[in-house]
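J.: sequence and predicted model, in that order:
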Amino acid sequence: MACNNTRPCPCTVDCPRHGICCACVAHHRDHEGGIPGCFFSKEGEATWDRSLENLARDRGILPSGEN
């Protein structure tokens, strides 16, 4: 499958996949674990907490400070 999508990315890590969403997601799935920084808002990504709980807080699914 071709991976040619690009978009502005809030992730602060400078890597060869920056802004190439499908390559970034595949890399995290296969190597890194955790949620890619591009799934977060700029503020959420800046916490460097790539957990599912932090993503839920960042997206307003969980109240701040709740697990």
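T.: Structure received. Keep in mind the model is a prediction, meaning the values are calculated, not measured.
J.: measure stretch 15-25 end to end?
T.: With Cα to Cα, to the nearest Å as the measure, stretch 15-25 spans 13 Å from end to end.
J.: next, the buried residues of it.
T.: Within stretch 15-25, the residues that count as buried by 16 or more other Cβ atoms under 10 Å are Arg17, Ile20, Cys21, Ala23, Cys24, Val25. C-betas here are computed from N, CA, C, even on glycine.
J.: among these, which ones are in helices?
T.: Cys21, Ala23, Cys24, Val25 (DSSP state H).
J.: ok, now which ones touch the closest residue to the third one other than its chain neighbours?
T.: If the residues on either side of it in the chain are set aside, Cys24 comes closest to Arg17, at 4.4 Å by Cβ to Cβ, 6 or more residues apart in numbering. Contacts of Arg17 were listed using Cβ atoms under 8 Å, 6 or more residues apart in numbering, and they are Ala23, Cys24, His27.
J.: just the pLDDT for the closest residue to His28 other than its chain neighbours.
T.: Leaving out its chain neighbours, the residue that sits closest to His28 by Cβ to Cβ, 6+ apart is Pro36, at 4.7 Å. pLDDT recorded at Pro36 is 87.
J.: got it, and Met1?
T.: 55.
J.: now do the one 3 residues further on
T.: In the prediction, the pLDDT value recorded for Asn4 is 66.
J.: now do the one 3 residues further on
T.: pLDDT for Arg7: 65.
J.: related to what we said a few turns ago, from the ones in helices among the buried residues of stretch 15-25, pick the one nearest Val13.
T.: Nearest to Val13 among these, counting by Cβ to Cβ, is Cys24 at 9.5 Å.
J.: the closest one contacts Cys38, correct?
T.: Yes - between Cys24 and Cys38 a contact is recorded at 5.9 Å, counting by Cβ atoms under 8 Å.
J.: now the common contact residues for those two.
T.: Cys9, Cys11.
J.: least confident secondary structure element in this structure?
T.: helix 21-27 (a mean of 83; mean pLDDT, DSSP states H and E).
J.: chain center to that helix: distance?
T.: 10 Å (Cα atoms, centre = their mean, to the nearest Å).
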